[in-house]
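Colleague: Model the structure of this input:
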Amino acid sequence: MVKKVLRCAIYIRVSTAEQAMHGKSLEAQLSYLTQYAKDHDMVVAGVYADQGKTARKNLRDRKEIKNLLSSVKRNEIDVIIFWKMDRWFRNVGDFYKVQDILDAHGARWIATAEPNMNMETREGRLNVNIMLSINQNETDTTSERICFVNEASVRLGKAISGAQPYGYKVVRNESGAKVVVKDPERELYVEEFFRHFLVHQSKRGAFLYLTEKYGPVITMSQVITMCKNTMYFGAYRENPNYCPAYITFDQYIQIREINRKNIKVYQSNLGTGEVYLFCGLIHCPICGRPMSANRITKNSHTGKPLKDPLRYYRCQNWCYKKSCTYSKIASEATIEKYLLGHIDEEKERYRQREEILLTRISAQAPVEKKKPSKEKLLAELDRLNNMYQKGRISDEKYDSEYERISSDIKAMSIETLPAPKRSYKELETVLHSGWHEMYEHLSRQNKQAFWRSIIKEIHLNADNSFVNFIDFL
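Modeller: Residues are numbered from 1 along each chain as shown. Next up is the predicted model:
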């Protein structure tokens with residue numbers, strides 16, 4: 001009887017750290033497994049290599065495993081060979097997800113250096129389960145230890161990764177420690193970006209400005225990251241002075257607020273370069289969704305082009321989803337005219353509302369106990385870690401106290417700090433006497449930046465499209 005030739009897939013994996021420490025290179029594994037296939041009369045149907053991936057990593061992040069399973073599902077593989085069990089999986093859950101697929105298509109695997117590991121015998125399955133559990137626990141323990149070391153390094157201002165956000169790089173300081181500093185080759189571009197963005201309040205506008213002035217020095221994805229990453233005002237994780245800052249904390253909060261109220265430009269308007277004065281400032285009075293901007297460029301009756309486009313705002317939930325009843329449109333020209341004529345009146349109304357609200361809050365607010373500072377919480381965390389390392393407290397006590405302190409620190413995180421309240425004196429400075437004359441000479445882009453610099457939201461009347469009241473920044 002002719003023996004069936006088995007089609008085998010070679011799977012090799014190594015993490016960067018393992019390759020450097022133990023020499024478990026992909027080349028060594030491939031050479032060993034290729035010879036194994038030859039000695040056992042197997043035909044190599046494919047080689048699948050995951051480099052720089054740990055076996056504990058989520059299954060969806062291991063690209064070559066996914067490619068291998070696709071071949072299995074096409075019934076192109078009879079057997080998968082790898083060096084040891086820890087090359088295959090260190091995660092019990094993911095192992096059995098893959099095993100179900102192999103069983104469904106009649107494929108099996110061989111850990112060539114560990115013949116006692118298999119799914120064909122009772123002892124082999126027991127060994128697999130024990131080994132997976134041990135490996136998973138070992139990996140999780142190592143991960144916790146690495147996290148602990150990284151947290152300590154961050155508190156001391158040390159770099160824990162070579163990859164840094166745009167405008168930063170890692171160098172060694174006088175004592176030999178790796179720290180994050182500004183990248184002199186990109187420092188100018190970052191400063192120019194933030195300067196332009198804070199004035200004109202548009203990520204895309206700042207991106208185009210840099211591209212036109214300096215060429216392709218930055219990508220749009222980097223621009224989006226720059227508007228979110230706390231490192232640009234010097235903070236990282238729990239260290240508020242981790243690296244040199246490009247902007248202040250107040251500017252970071254301002255950028256967050258700008259991004260919150262900005263809404264996407266619809267694809268049909270991307271090529272026009274159109275600037276809408278109040279985009280992101282007007283919300284639907286019924287459903288609360290930011291109203292989108294649009295324009296009419298032709299006369300609906302004659303079809304002739306209009307001298308000046310009619311710009312307006314409407315609720316997309318009504319227009320497309322029909323999930324809102326607010327079918328009215330708000331004319332940009334009407335809103336602009338109202339603001340120019342009633343800004344002082346609206347400013348006074350807003351001041352009165354804020355004073356009434358502040359009085360109510362002060363009367364109802366309970367007296368809060370003084371909370372410990374972040375520095376005291378970090379010191380308490382260090383003491384807890386020292387006690388645990390010396391064996392003076394139990395695992396249960398350590399876990400509960402660590403969770404409590406970590407929760408308190410996260411509650412004080414910079415991400416949850418409220419935006420600083422703008423003073424009325426600053427608003428009076430912007431709306432100085434003669435600002436109307438200045439406004440008439442501004443470009444549409446600068447007019448947009450002007451309104452965004454003083455207005456938080458324009459509230460419309462639910463019964464019509466006229467302005468109801470204004471909230472200022």
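Colleague: which sections of the chain are below the confidence cut-off?
Modeller: Low-confidence segments of the chain, defined by pLDDT under 70, are located at 1-3, 16-24, 52-61, 143, 261-273, 361-371, 374, 388-390, 410-426, 433.
Colleague: Break it into its domains for me.
Modeller: When the chain is parsed with automatic domain parsing, its domains come out as 6-141, 168-261, 269-365+417-473.
Colleague: can you tell me which of the ones you listed comes nearest to E403?
Modeller: Proximity to E403 (Cβ to Cβ) singles out domain 168-261 among these, at 15.4 Å. Quick note: C-beta positions are derived from backbone N, CA and C, even for glycine.
Colleague: chain center to that closest one, what's the gap?
Modeller: 15 Å (Cα atoms, centre = their mean, to the nearest Å).
Colleague: which one is S453 nearest to, not counting chain neighbours?
Modeller: V430 (6.7 Å; Cβ to Cβ, 6 or more residues apart in numbering).
Colleague: What are the boundaries of the strands in the stretch 51-200 of the chain?
Modeller: Ranges of strands within the stretch 51-200 of the chain are 79-82, 108-111, 168-172, 178-182, based on DSSP state E, counting those that start in this stretch.
Colleague: Check the stretch 251-400 of the chain too.
Modeller: 282-283, 292-298, 305-314, 330-331.
Colleague: buried sites along the third one?
Modeller: Residues of strand 305-314 classed as buried under the neighbour-count rule (16 or more other Cβ atoms under 10 Å) are R311, Y312, Y313, R314.
Colleague: will you turn the strands of the stretch 251-400 of the chain into a markdown table that also has distance to Y48?
Modeller: A markdown table is the format used below for these (distance: least, Cβ to Cβ, whole Å):
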| stretch | distance to Y48 |
| --- | --- |
| strand 282-283 | 51 |
| strand 292-298 | 47 |
| strand 305-314 | 52 |
| strand 330-331 | 57 |
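Colleague: circling back to that earlier point, quick one, which of the strands of the stretch 51-200 of the chain gets closest to S292.
Modeller: Of the strands of the stretch 51-200 of the chain, nearest to S292 by Cβ to Cβ is strand 168-172, at 36.0 Å.
Colleague: Please enumerate residues in contact with the closest one?
Modeller: A159, S161, G162, Q164, K178, V179, V180, V181, K182, D183, M231, C243 (Cβ atoms under 8 Å, 6 or more residues apart in numbering).
Colleague: swap the cut-off to 6 Å and go again
Modeller: Here strand 168-172 makes contact (Cβ atoms under 6 Å, 6 or more residues apart in numbering) with A159, G162, K178, V180, V181, D183.
Colleague: before we move on, what about stretch 99-118?
Modeller: For stretch 99-118, the external contacting residues (Cβ under 6 Å, 6+ apart) are 36, 69, 72, 75, 77, 79-81, 83-85, 124, 127-128.
Colleague: Return the members of the residues you listed classed as buried.
Modeller: Neighbour-count burial (16+ other Cβ under 10 Å) applied to these gives Y36, L69, V72, I77, V79, I80, I81, W83, M85, G124, N127, V128.
Colleague: Next, check those against the helices and list the overlap.
Modeller: By the criterion of DSSP state H, membership of the buried ones among the contacts of stretch 99-118 in helices covers Y36, L69, V72, M85, G124, N127, V128.
Colleague: Tell me how far the second one lies from R7.
Modeller: As defined by Cβ to Cβ, to the nearest Å, L69 lies at a distance of 15 Å from R7.
Colleague: re the thing from before, what's the closest of the strands of the stretch 251-400 of the chain to E27?
Modeller: That would be strand 292-298 among the strands of the stretch 251-400 of the chain, by Cβ to Cβ, at 55.8 Å.
Colleague: and S70, how many residues sit next to it?
Modeller: 11 (other Cβ atoms under 10 Å).
Colleague: Apologies, that question was intended for I356.
Modeller: Close neighbours of I356, defined as other Cβ under 10 Å, add up to 10.
Colleague: hmm, back to that, out of the contacts of strand 168-172, which comes closest to S373?
Modeller: Using Cβ to Cβ, V180 comes nearest to S373 of the contacts of strand 168-172, at 24.6 Å.
Colleague: how near is that closest one to T225?
Modeller: Noted for V180: a distance of 15 Å to T225, by Cβ to Cβ.
Colleague: ok, these two, which is more surrounded?
Modeller: Neighbour count, other Cβ under 10 Å: between V180 and T225, V180 has more, with 22 against 14.
Colleague: Kindly state the beta-bridge partners for the more buried one.
Modeller: V170 (DSSP bridges).
Colleague: thinking again about what came up before, so for N385, which of the strands of the stretch 251-400 of the chain sits nearest?
Modeller: strand 282-283 (47.3 Å).
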